[in-house]
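# Just to be clear, the model below is a prediction. Sequence and coordinates:
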Amino acid sequence: MKQLFGDRQKSFLIASPIEDEKIARSKKCTEESARNGAKAASIAFVASAIPTVIIARKVPWAKANLNYTAQAMIVSAASIAAYFITADKTIMACAKKNAQLRIRETTYKQLDRNEND
């Protein structure tokens with residue numbers, strides 16, 4: 001199946017312009033969500049690393065129980081969560097925008113058909 005549908009240049013199937021537009025919009029959404037997720041992850045990294053390191057040095061309980069691995073896990077968990085939450089929100093917002101665009105396009109097409117009839 002991948003041989004038939006995977007390579008678009010050698011495939012006997014020809015994509016319609018609408019499908020090409022959908023693919024371009026989804027690729028743009030994916031890139032935008034990855035960019036926004038990386039920004040959020042870097043901010044979360046700094047925002048969680050500074051207090052974690054300070055607390056691990058100053059608070060006696062944390063000094064005794066939080067080694068470097070635990071500190072790294074706290075910081076990375078915050079970064080990973082920020083990345084995925086932001087990426088998910090961006091993808092959902094982009095999907096909503098694309099759905100509204102499709103509704104608007106189909107509405108205009110139906111209005112044009114009704115006016116021509």
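Sure thing, it's come through.
# how about Ile23, what does it touch?
Under the criterion of CB atoms under 8 Å, 6 or more residues apart in numbering, the neighbours of Ile23 are Ala15. In this view, the C-beta of every residue, glycine as well, is placed from N, C-alpha and C.
# Quick check, pLDDT for it.
For Ile23, the pLDDT comes out at 84.
# next structured bit after the helix or strand hosting it?
Using DSSP states H and E, Ile23 maps to helix 17-58. Counting by DSSP H and E, the next helix or strand C-terminal to helix 17-58 is helix 60-65.
# pull the CA atoms of that next one into CSV?
Below are the C-alpha coordinates for helix 60-65, written out as CSV (Å, rounded to 0.1, in the frame of the first residue of the first chain):
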residue,chain,number,x,y,z
PRO,A,60,17.9,20.9,54.1
TRP,A,61,15.3,18.3,53.1
ALA,A,62,15.8,18.9,49.4
LYS,A,63,19.6,19.0,49.9
ALA,A,64,19.5,15.6,51.4
ASN,A,65,17.0,14.0,49.0
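# How about the contacts made by Glu32?
By CB under 8 Å, 6+ apart, the contact list for Glu32 reads Thr90, Cys94.
# And it, what's its pLDDT?
Here the pLDDT value assigned to Glu32 is 93.
# With Asp88 instead?
Listed pLDDT for Asp88 reads 95.
# Flag the shaky bits of the protein, pLDDT-wise.
Applying pLDDT under 70 to the chain picks out residues 1-12, 108-117.
# Repeat the analysis, applying 80 as the threshold.
1-18, 105-117 (pLDDT under 80).
# how much space between Ala24 and Glu105?
15 Å (CB to CB, to the nearest Å).
# Over to Asn98?
10 Å.
# Compare the two (neighbour count), which wins?
The neighbour count for Asn98 versus Glu105, taken as other CB atoms under 10 Å, is higher for Asn98 (16 against 12).
# Next up, the contacts around the more buried one.
Residues near Asn98 by CB under 8 Å, 6+ apart: Lys22, Arg25, Ser26, Cys29.
# What is the neighbour count of Tyr83?
21.
# Touching, it and Ala38? I think so.
Yes - in this structure Tyr83 lies within contact range of Ala38 using CB atoms under 8 Å: 6.9 Å.
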